[in-house]
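[1] Structure of the sequence below:
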Amino acid sequence: MGLICIVVMVSNLRIVIILSIANILLSYALPYSDSAPQQFGLIYDEKTKCARQRYRLKHSEGNTSSSVYTYDYHDKIDGIHVVISISKKNLEFVDDYNIKPVLCLVNYSSNVPLALSYDLDFTLSAELINKSWYWLPPSSEASTIISVHILPKLLGLDYLVFWIRKAKRNPQYNSPTHWFHNDSDSLKKQYFS
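    Predicted structure coming up:
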């Protein structure tokens with residue numbers, strides 16, 4: 001309402017200039033004709049689509065009225081059983097650019113040390129602030145809490161993805177230990193098998 005009053009009060013010449021500026025700004029906001037099609041919130045990457053579909057199929061049989069997302073991972077050969085639980089309410093965001101910590105409870109048992117890392121499958125609507133990976137020692141029953149800091153940016157849907165794999169044994173550590181994400185090959189070789 002306030003914008004209409006301002007436009008009415010300016011002269012015809014200024015209205016034309018304002019409309020020209022608006023058209024220029026609008027043309028810069030739209031993708032170029034030779035760029036890939038952009039549809040906000042939709043995924044074009046087939047690998048990401050397939051991963052999301054597998055997740056939905058696996059969890060469609062679960063309790064939809066539960067207040068917690070739960071992910072189970074089993075590997076009978078190495079005696080690995082990992083359960084990651086996250087409150088559904090903690091995964092709802094407002095696009096207000098305020099960093100929000102999301103607590104993830106990790107319960108596990110394993111005959112071998114584990115490396116656990118996490119990321120977002122698509123970073124259009126949110127961004128991870130503290131990408132980390134964790135070294136978890138062998139244990140018959142253990143748990144740890146991972147605090148994932150997420151910065152919401154736009155309306156959309158991103159999946160929080162966890163990777164679990166065997167890690168090298170390290171006599172220096174006897175409790176869960178984390179490192180901030182580092183793409184250094186030497187660091188990865190030191191802790192991952």
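
[2] Can you list the low-confidence ranges for the chain?
    1-44, 55-64, 95, 123, 178-193 (pLDDT under 70).

[3] So what are the structural domains in it, by residue number?
    Recorded structural domains for the chain (assignment: automatic domain parsing) are 1-30, 46-191.

[4] The longest strand along the chain - contacts with which helices or strands?
    In the chain, with assignment by DSSP state E, the single longest strand is strand 139-152. Under the contact definition 3 or more C-beta pairs under 8 Å, 6 or more residues apart in numbering; DSSP states H and E, strand 139-152 sits against strand 100-110, strand 114-120, strand 126-128, strand 132-136. For glycine as for every other residue, the C-beta is placed from the backbone atoms N, C-alpha and C.

[5] State the paired neighbours of that strand in the sheet, together with their directions.
    Sheet pairing of strand 139-152 (DSSP bridges) gives strand 100-110 (antiparallel), strand 126-128 (antiparallel).

[6] Check which element follows that strand along the chain.
    Heading C-terminal from strand 139-152, the first helix or strand you meet, by DSSP states H and E, is strand 160-166.

[7] contact partners of that next one?
    51, 71, 73, 78, 80, 82, 84, 86, 91, 102, 112-121, 148, 150, 192-193 (C-beta atoms under 8 Å, 6 or more residues apart in numbering).

[8] Report the buried residues of it.
    Buried positions in strand 160-166, judged by neighbour count with 16 or more other C-beta atoms under 10 Å: 160-162, 164, 166.

[9] Out of the helices and strands packed on strand 139-152, flag the one nearest residue 177.
    Minimum separation from residue 177 across the helices and strands packed on strand 139-152 (C-beta to C-beta) falls at strand 132-136, 4.9 Å.

[10] Using PDB, write out every CA atom in the closest one.
    This file holds the C-alpha atoms of strand 132-136, laid out as PDB (Å, rounded to 0.1, in the frame of the first residue of the first chain):
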ATOM      1  CA  SER A 132      32.900 -32.600  10.900                       C
ATOM      2  CA  TRP A 133      33.700 -36.200  11.000                       C
ATOM      3  CA  TYR A 134      33.900 -38.500  14.000                       C
ATOM      4  CA  TRP A 135      36.100 -41.400  14.900                       C
ATOM      5  CA  LEU A 136      34.200 -43.800  17.100                       C
END
